[in-house]
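> My questions concern the predicted model and sequence given below.
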Amino acid sequence: MNKQLQIFTNGFVRENPLLVLNIGLCSSLGVTTSIFNGLGMGMGMTFVLVMSEIVISIFRKKIPSSIRLPIFIIIIAAFTTIVQLVLNAYVEALYDALGVFLPLIVVNCIIMGRVESFASKNNIGNSILDALGMGIGYTFVLVLISFFRELLGGGTLMAGTALKIELIPEAYRIGVFNSAPGGFMVFGFLAALMQGLKIRAAEKQNKPVEICTEPSCEACNAVCSSKKETPADAASPAAPAKEGE
C-alpha cells in the first residue's frame, strides 16, 4: 500500500475519529436521531475539514508558531460560517435540526487535531487526502449511528425528506434510542464491534494481542522493559551442574 492510499484510508478504520480515536463524540450523539441529520452534519464537517487543511497546508510555512492556534481557529470559523449561511439559505430544515452543533464545528476536536498534527506539517496533496479520509470515516459512522437510532427509536428511515418511509409501527418503537442514553448504547456496540474486528485481523496476521490476566508480573509472558530475561529464557531452567564440575 503506497503512502497516499494509506493516508486516505487511515480515517476509515485504523484512525477513525469516532470509533478509534473517540473524539468529536458530542456532535455524533447530539444530531444522529435521523439519517438526514447525520449525513448533513458529516458533509458539513467534511467540507470545513477539507478547506481548512488546504488553506493551512498552503500557508503552513508562513504562519508563526506562536500564534498558529488562533489563526487555525479563524480559518476554521470562516468555513464554518459559510456552511451555516448556505444551510440557512437553502436547507433550513437541516439548519434548524443541527442547531447549536453547527457553529460548534469551529472547536470540534477532529478538525483542530488534524490541522495541528497533519495539515501544518504536510503538503497540500496529502492534506486533502487526509481530510477526505477523516471526513468520510466520520460521516459513515454518523450515518450508521443515525440508521439504528432512527429505525429503532422512530420506526422510520430518511425522516425529514421526501424519501421518508415508515417500517416499525409506533407501538413497537423503542423510545430510548431517541435520547442521549440510546446514542451511547449504539455507539458502544459499534465501538466494541470495531475492536473485535481489529483483534481478529491481528490474529489472522499471527499477531495476537497480549492481555495480562495475572496480578503478578512474573506470571506475564509478554516481553517488557521491566524484565531482564525473555519468556524463552524464563521458561527454560538452568541445567543442573554435573558431578565433578
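Done, it's in. Residues are numbered from 1 along each chain as shown.
> just the helices in this protein please.
If you assign secondary structure with DSSP state H, the helices in the chain sit at 3-9, 25-30, 35-58, 68-90, 92-98, 109-117, 124-149, 180-204, 231-235.
> Looking at these, spot the one closest to residue 162.
Taking C-beta to C-beta, helix 35-58 is the member of the helices of the chain nearest to residue 162, at 10.7 Å. (C-beta placed from N, C-alpha, C; glycine too.)
> tell me, which of the helices of the chain is the model least confident about?
Mean pLDDT values for the helices of the chain show the minimum at helix 231-235, a mean of 47.
> Once you drop chain neighbours, what's closest to residue 150?
The spatially closest residue to residue 150, leaving aside those adjacent along the chain, is residue 34, at 4.7 Å (C-beta to C-beta, 6 or more residues apart in numbering).
> Check what pLDDT the residue most central in space within the chain gets.
By C-alpha atoms, centre = their mean, the chain has its centre lying nearest to residue 17, at 1.7 Å. At residue 17, the pLDDT value in this model is 91.
> any idea how far residue 96 lies from residue 104?
Separation of residue 96 from residue 104 (C-beta to C-beta, to the nearest Å): 15 Å.
> now swap in residue 95 and tell me
Separation of residue 95 from residue 104 (C-beta to C-beta): 14 Å.
> Likewise for residue 110?
As judged by C-beta to C-beta, residue 110 and residue 104 stand 12 Å apart.
> Between these two, which has more neighbouring residues?
residue 110 (23 against 14; other C-beta atoms under 10 Å).
> need the contact list for the more buried one.
17, 23, 24, 45, 49, 134, 138 (C-beta atoms under 8 Å, 6 or more residues apart in numbering).
> Out of those, flag the one nearest to residue 201.
Among the contacts of residue 110, and counting by C-beta to C-beta, the member closest to residue 201 is residue 17, at 19.5 Å.
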